[in-house]
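Trainee: kindly return the folded structure for what I paste below:
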Amino acid sequence: MNTQVTIKARRSFFSPTFVTLLMGVFVVLVLGGSSIQAQTTTTTTDTAPVESSLTIAAKGSFSDSSGGTVNVTGNVIIAAKKVVDTTSTTNPAIVMLDFDFSQLTGTTGSKATLKTYVTGENHATEIRPLLASDTIIVSVPYYESTKDILSARTMLVTAALKFDTTSGKLTAATLTVGNNVVTSTAVGTTTTTTTIQ
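Mentor: Sure thing, here's the model as predicted:
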């Protein structure tokens with residue numbers, strides 16, 4: 001006896017997984033729309049970094065051990081960036097400074113004895129508290145243009161800077177060049193301490 005059993009399975013048009021997924025997308029689009037828009041709005045606060053820069057003419061002279069008096073001229077680009085620590089309410093704002101000395105040149109002698117000194121691509125960076133005025137002494141390497149950087153010696157550049165403490169922008173600066181000797185007049189008054197025994 002040959003008996004065949006025919007079973008017909010009913011398939012639903014949408015599977016339960018598909019219906020659940022479709023409902024989830026609908027809920028996110030309808031109910032979550034306002035919260036998604038709220039997250040995309042931006043607000044400006046005074047904690048955002050503030051950048052500024054100045055190009056300042058530097059001048060001065062110093063004594064070189066092998067060439068006599070070296071007269072220095074050229075421009076220095078000073079870039080300043082005010083940064084606020086958003087994790088603390090007590091830390092003061094700081095200023096990150098970058099001094100670009102690559103345009104400074106020095107000369108000594110004349111005609112047949114003329115020597116030219118360069119600083120290469122020298123940059124110096126400093127991190128300072130944001131103050132209305134600040135004086136920074138930077139040691140800058142220099143070398144004769146016909147030689148390489150391995151023969152470099154150093155001169156000092158004194159930068160007197162002025163800032164707008166509200167915005168954090170660098171507003172003015174003067175630069176002077178001198179010998180590689182820090183004196184009390186360069187850094188302010190000094191006092192001698194005595195030890196009592």
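
Trainee: for this protein, which element, helix or strand, carries the lowest mean pLDDT?
Mentor: helix 33-40 (a mean of 46; mean pLDDT, DSSP states H and E).

Trainee: what are the buried residues along the very next helix or strand once past that helix?
Mentor: Going down the chain from helix 33-40, the next helix or strand is strand 50-64, by DSSP states H and E. Judged by neighbour count using 16 or more other CB atoms under 10 Å, the buried positions of strand 50-64 are 50, 52, 54, 56, 58, 60-62, 64. Heads up, the C-betas are built off the backbone N, CA and C, glycines and all.

Trainee: please export the C-alpha coordinates of strand 50-64 as PDB.
Mentor: Extracted in PDB, the C-alpha atoms of strand 50-64 (Å, rounded to 0.1, in the frame of the first residue of the first chain):
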ATOM      1  CA  VAL A  50      42.600  80.600  21.700                       C
ATOM      2  CA  GLU A  51      45.400  81.000  19.100                       C
ATOM      3  CA  SER A  52      47.300  84.100  18.200                       C
ATOM      4  CA  SER A  53      50.600  85.100  16.600                       C
ATOM      5  CA  LEU A  54      52.900  88.000  16.000                       C
ATOM      6  CA  THR A  55      55.900  88.600  13.800                       C
ATOM      7  CA  ILE A  56      58.400  90.700  15.700                       C
ATOM      8  CA  ALA A  57      61.700  92.300  14.500                       C
ATOM      9  CA  ALA A  58      64.500  91.200  16.700                       C
ATOM     10  CA  LYS A  59      67.800  93.200  17.000                       C
ATOM     11  CA  GLY A  60      70.800  93.200  19.200                       C
ATOM     12  CA  SER A  61      74.400  92.100  19.400                       C
ATOM     13  CA  PHE A  62      76.500  89.700  21.300                       C
ATOM     14  CA  SER A  63      80.200  88.700  21.600                       C
ATOM     15  CA  ASP A  64      81.300  85.600  19.800                       C
END
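
Trainee: and stretch 62-70, how far apart are its ends?
Mentor: End-to-end distance for stretch 62-70, by CA to CA, to the nearest Å: 5 Å.

Trainee: quick one: contacts of that stretch?
Mentor: The contact list for stretch 62-70 (CB atoms under 8 Å, 6 or more residues apart in numbering) reads 61, 72, 106-109, 115, 117, 142, 144, 153, 155-156, 177-180.

Trainee: give me the helices and strands touching whichever helix or strand I136 is part of, please.
Mentor: Following DSSP H and E, one finds I136 within strand 133-144. Applying 3 or more CB pairs under 8 Å, 6 or more residues apart in numbering; DSSP states H and E, we find strand 133-144 packed against strand 115-118, strand 123-129, strand 153-163, helix 184-187.
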